[in-house]
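> What would the 3D arrangement of this be:
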Amino acid sequence: MSGYSTSDVVDLLGVSPTRVRQFVRQGFIAPQRSSRGAYRFSFQDLVLMRTAKELVDARVPARRVAGALRYLRDTLPNGKSLSTVRIGAHGDRVVVRDGEASWHPESGQMTFDFSLADLVADVAPLMRKAAEEAQAAQLLDSEEWFDLALDLEAVGEVARAKEAYREALRADRENADAHINIGRLQLEAGDAAAAERHFRSALAARPDDPISNYNIALALEELHRGDEALLHYQRAVKLDPAFADAHYNLAILYEREGNDKAALRHLSRYRSLTGTK
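This next block holds a predicted model:
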């Protein structure tokens, strides 16, 4: 099983084992347990415990700590690097910033402002070691490899994350989420053809998945196959009429085709869904 032990958390965050168990009891985090019953924490758990520690040290009331962390737990983006995330205050509200957007986990006057970059730097060697040990032992199942890959991505270990996704697929060729994530990394690296293959494998495993259709369309656009991309965007919004990004991309493609009426329809839908003008 991948993840961090209680002793790892103690060393990384400078908290006591009692404090770690308290965070678990308070419901801030829900770690997995090993076959021997020991806690195994994910990178996201570390983020939440780091936040909890700072809030508690700043003497924030327990109710506000609980509310902020529950919301933060539900909104932290899986698979996205957290090295630029900052948590601080704006007036009487907690603000989480990731360099592209900001959101408010919970109301309450905060007196701290810290970056997770140092936590990422501390965790990265541990993640590399975990990946190497898992590779050697070959004891993880597909979902555990997938979770390890997410953690590796979160600390910027993209090459190792790709290999962990591949291990997840070796264990289960129909792990659609692993296909989607490795496809996304391939697309970001400029290999749209490889990305398309993974996205199509994800769609074969989950035929009614709007995300897979959307991602196939993205890859097809990179491959200059706009007509095919249009079909997959259309399928994405048929499966999920509230898929705002798919509506936006459809509007762009229809505009290129000169179909202004269809472009306006999808752009209006996008604006309605996102509240933009």
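> so where's the stretch 101-250 of the chain uncertain?
Where the stretch 101-250 of the chain drops to pLDDT under 70, the residues are 101-124, 126-128, 130-139, 155.
> And the strands in it, which stretches?
For the stretch 101-250 of the chain, the strands defined by DSSP state E, counting those that start in this stretch cover 102-103, 114-115.
> Show me what counts as buried in stretch 196-207.
Glu196, Arg197, His198, Phe199, Arg200, Ser201, Ala202, Leu203, Ala205 (16 or more other C-beta atoms under 10 Å). No exception for glycine: its C-beta is placed from N, CA and C like everyone else's.
> residues making contact with it?
Residues outside stretch 196-207 that contact it (C-beta atoms under 8 Å, 6 or more residues apart in numbering) are 173-177, 179-180, 182-183, 186, 209, 211-213, 215-216, 219-220, 223.
> Give me the neighbour count for the nearest residue to Glu167 once chain neighbours are set aside.
In space, and not counting its chain neighbours, Glu167 is closest to Trp145: 4.4 Å by C-beta to C-beta, 6 or more residues apart in numbering. Residue neighbour count, defined by other C-beta atoms under 10 Å, stands at 27 for Trp145.
> surely Trp145 meets Ala164?
Yes. Look at Trp145 against Ala164 with C-beta atoms under 8 Å: they come within range, at 5.3 Å.
> so what pLDDT did Ala66 get?
Looking at Ala66, its pLDDT is 68.
> And for the one 5 residues further on?
The predicted structure scores Tyr71 at 62 on the pLDDT scale.
> can you check Glu255 too?
At Glu255, pLDDT is 94.
> And for the one 5 residues further on?
According to the model's per-residue confidence, Asp260 sits at a pLDDT of 94.
> re the thing from before, can I get the buried residues of stretch 196-207 in CSV with distance to Arg265?
Conversion of those to CSV gives the following (distance: C-beta to C-beta, whole Å):
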residue, distance to Arg265
Glu196, 27
Arg197, 32
His198, 31
Phe199, 26
Arg200, 28
Ser201, 32
Ala202, 28
Leu203, 25
Ala205, 32
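> which one of these is nearest Ala244?
Comparing the buried residues of stretch 196-207 against Ala244 with C-beta to C-beta places Phe199 closest, at 19.3 Å.
> distance of the closest one from Ser42?
Using C-beta to C-beta, to the nearest Å, Phe199 is found at 26 Å from Ser42.
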